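S.K.: Got a predicted structure plus its sequence, pasted below:
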Amino acid sequence: MIMMNTFTLTKSTKTTKTTDPIAFIRLGRILRRRRWVLVTGILSFLTLALCAAMLMLGNTIYPVRDVIAVLAGEDVKGASFAVGTIRLPRMLAGLFAGFAFGISGYIFQTMLRNPLANPNVIGITSGSSAAAVFCIIVLQSSKTVTSVVSVIAGLLTSLLIYILSRGHASFSIGRLILVGIGIQAMCNSMITYLMLIGEEHSLPAAVRWLTGSLNGVRMDELPSLIISCLILVPIICLLGRQLMMLELGEQAARSLGVRTDAVRVMLIVSAVILAAIATAITGPIASVAFLAGPIAVRLTGAGSANSIPAGLVGAVLVLAGDLVGQFAWTTKFPVGIITGIIGAPYLLFLLIKLNRRGDF
Amino acid sequence: MSFRKHVFQARDLVAGYDDRIILDHISLEIPSNQISVIIGANACGKSTLLKTLARIIKPKSGEILLDGQPIHKIPSKQLARVVGLLPQSPIVPEGITVADLVGRGRYPHQSMFGTWSRKDYEAVAEAMEIMRITDLANRPIDELSGGQRQRVWIAMALAQQTDILFLDEPTTYLDITYQIEILDMLTDLNRRYGTTIVMVLHDINLSARYADYLFAVRQGKLVAEGKPSEVITSELIKDVFGLDCTIIQDPISNSPSVVPIGRHHASGSIPAAIGGKVHVR
C-alpha cells in the first residue's frame, strides 16, 4: 500500500492541495521565484523613475520631451547645460555608486554572515577617504590622481584588515569587524588632523570625502565607475550561486564542490574595487552599503541570489536620498546626510538584536 | 541489485595546526557500501580525521585516494558528486525554506545558472521523503525544532546523491529518540542505496549497534579497526577512553554494549567474567 499524503501550501488567501511531492516543492519554488521577479521588476522601475526625476527636477523643471531631446544630443536652450552638464552626471553617479555600494555591502554581509560587515563599518571606505583627503590637502593633487590613490588605499586597507584579523588557526568574523572599526577610527582621526592643518581653499573638496555627496560630479570622472560596474557586476552575478553556498559555512560549501578560497578572493576583490571606486567619486555615502542588502533580502525573501536586488536598492536609496536632500527643505543637504539619518536607527536596532542573540 | 563500489583509502595521513600534530600517520581503507563509525575520546583527532578524509582539512603529508586517484587532483565539483559531508554545525541562512536548503545539495550537479532539472526535483523530493520532511518543504527553517533541522541538513546531503557520505556527529544535541530516528534513517539509506557512510559518533553503544565497521582513534593514531563484535573489548575501551568497563551483549541487536564501572554504585558482582554474556529472556 502506498501512503498518500496531502501537502498543503497556504499563501495569503489561496490554499493549494496536492499529493505529488514534486509538484508541491515546485509550486513553492515558483511562488518564491515569482516574488523575486516581481520585486526586482518594481525596484528596476523605481530606479528608472528616480533617474528620470533626477534629470527633470531642479531650479527649472524640464518636461520629459526636453530631457529626451538633450539625451539624444539635440541642443535645447537652457536645458542642454542644466540637464546635460549638471543633472546627467549627478544622476549617473548616484545610479552607479548606489548600485556599487549596495552590491558590495550585500557581498560582505552574505559572505561574512554578519549584517554589520560592510565596507563602511569595516573601514574600507574610511581608508579611501583618508587617502583622498591626504591627496587633496597635503599633495594638492588633481582629481584623477586623488581617485586612483583612494582606490588603491581602499584595497590596501582591506588587505591590512584581513591580515590583522587572521588569527593563528581560525579566521574570525567578529575579529574582522573589530579590527575594521579600529582601523576606521585611526583613519578618521587622521582625516580630522588633516582638516585642521588644511588650507581653507582645499577644505570644501575634502569635506566631500566625509559625508558623501553627488554635488559637482563631472562627466569625465564617471567612466572608471561605469566600466568597473559593467565588468564586475556580471562576474558577481555569475558567482551568485557560489556565494549562496558560502552562506552555509566553509565546510558545507567545500563539500558541495565550491572552491571556497578562489571564490572568496574573487568576490572580496570585486566588492572592494566597487566600493573603493564609488567612494572615489561620491565619497562614502553613509549607510547605503549597510542598508541595501537587508532591505533587498527582506523584500525578495531569503534563499535566492540577491546581488541585483541589493544593487537596485542601493541605487534607489542614493537617488531618492539625493532628491530629498535637494528639494525637501530650503537648505540643500548632501545625500550622505539623508542616508545617514535612515541608517543610524537601523544600526542601533541591529546592535540591540545581535546583542540579545549573543552574537556580538 | 548491486551497488556502485568505491575504493576510498588514506595513506600515511599527517595533519595538524602549526606544530601540533593531530593525525599521526594514519592509513586506512573505508569499507565500501557499509556504515563505518570513528570512535575515540574527546580531542583524540576523530573529527579531524573525518574532515581530512572529506577534504575540508588539507593534510600535511600523506594522501587520500578515491578509486586509486588522489582526491586533490579530482575537480572539486566532480568529487562532490561522489563524496559528501555533513558538517557538525552548518549555518542556516536566515529565512531560507526547507526545500531551498535541501536544493542546495544539488549544486555539484547543476550548470552555472542553477536552473532545476527534472532530476534535481526528483532528488530533492526523494531526499525529503527519506528524511520524512516533505510536508515541511515550504516552511522557513527558523520555525523548526532541532531534530527537524538535523533531518533537513541530512536531506541536503542526500540530495547531493553521493556514493560516500561523511557525517560529523549527526546526533549531537538531539534527544535519544531523535538520535535513534536519525541513525535508523541513515541505515535505511545504506541498505536501500548502498551508500557508504562514515561518521563520528559520541555514543559508543549506538556506534557498536549501528556500525558495520569501527575505527578507534587515540591521540591521533588508529589503534583498532574491525567489526564491533571483534573490536569492542574492555581492554580497548580502557585503552581508548581510559574507562573501566564490562562488555555485555545488547539484548536487542546482539552487538557488544559497554557498561561503565565507575567508582560508585557497583553492586559487588561484576557480571560473570568481563566480556561474559548476559542472558536475555
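M.R.: Good, I have the coordinates. Numbers count the residues shown, from 1 in each chain, chains lettered A, B, ... in the order given.

S.K.: Which positions within the longest helix belonging to chain A qualify as buried?
M.R.: Ranked by residue count and defined by DSSP state H, the top helix of chain A is helix A:21-56. Neighbour-count burial for helix A:21-56, counted by 16 or more other Cβ atoms under 10 Å in any protein chain shown, picks out A:21, A:24-29, A:31-32, A:36, A:39-40, A:43, A:46-47, A:50-51, A:53-56. For every residue, glycine as well, the C-beta is placed using N, CA and C.

S.K.: Who are the packing partners of it?
M.R.: Helices and strands touching helix A:21-56, by 3 or more Cβ pairs under 8 Å, 6 or more residues apart in numbering or on different chains; DSSP states H and E, are strand A:7-11, strand A:14-18, helix A:64-71, helix A:88-111, helix A:288-300, helix A:307-327, helix B:98-103, helix B:118-130.

S.K.: what mean pLDDT does the third one have?
M.R.: I take that to be helix A:64-71. For helix A:64-71, the mean pLDDT works out to 84.

S.K.: starting at the chain centroid, how far to that helix?
M.R.: 29 Å (Cα atoms, centre = their mean, to the nearest Å).

S.K.: The fifth one now?
M.R.: On the basis of Cα atoms, centre = their mean, helix A:288-300 sits 9 Å off its chain's mean C-alpha point.

S.K.: Quick one: mean pLDDT over that helix.
M.R.: The pLDDT scores in helix A:288-300 average 89.

S.K.: Direction-wise, compare the lengthiest helix in chain B with helix B:118-130 and give the angle.
M.R.: Longest helix of chain B, by residue count under DSSP H: helix B:176-193. Computed by axes from the mean of the first three to the mean of the last three Cα atoms, to 10 degrees, the angle separating helix B:176-193 from helix B:118-130 equals 140 degrees.

S.K.: Going by neighbour count, which residues of helix B:176-193 are buried?
M.R.: In terms of neighbour count (16+ other Cβ under 10 Å), helix B:176-193 has its buried residues at B:178-179, B:181-183, B:185-186, B:189-190, B:193.

S.K.: would you list these in a markdown table and tack on distance to chain A?
M.R.: Formatted as a markdown table, the buried residues of helix B:176-193 follow (distance: Cβ to the nearest Cβ, whole Å):
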| residue | distance to chain A |
| --- | --- |
| B:Tyr178 | 21 |
| B:Gln179 | 21 |
| B:Glu181 | 18 |
| B:Ile182 | 18 |
| B:Leu183 | 21 |
| B:Met185 | 16 |
| B:Leu186 | 17 |
| B:Leu189 | 17 |
| B:Asn190 | 19 |
| B:Tyr193 | 18 |
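
S.K.: B:Ser27 - how many residues pack around it?
M.R.: 11 (other Cβ atoms under 10 Å in any protein chain shown).

S.K.: make that B:Glu126, sorry
M.R.: Neighbours of B:Glu126 (other Cβ under 10 Å): 18.

S.K.: got it, and A:Phe96?
M.R.: 27.

S.K.: Wait, it touches A:Ala278, no?
M.R.: Yes - with contact defined as Cβ atoms under 8 Å, A:Phe96 counts as touching A:Ala278 (7.2 Å).

S.K.: Common neighbours of the two, please.
M.R.: Jointly contacting A:Phe96 and A:Ala278 under the rule Cβ atoms under 8 Å, 6 or more residues apart in numbering or on different chains are A:Leu225.

S.K.: Let me see the ranges of the helices in the stretch 151-281 of chain B.
M.R.: For the stretch 151-281 of chain B, the helices defined by DSSP state H, counting those that start in this stretch cover B:176-193, B:204-210, B:228-231, B:234-241.

S.K.: and those as CSV, adding mean pLDDT?
M.R.: Listed next are these as CSV, based on pLDDT from 0 to 100:
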stretch, mean pLDDT
helix B:176-193, 91
helix B:204-210, 93
helix B:228-231, 91
helix B:234-241, 90
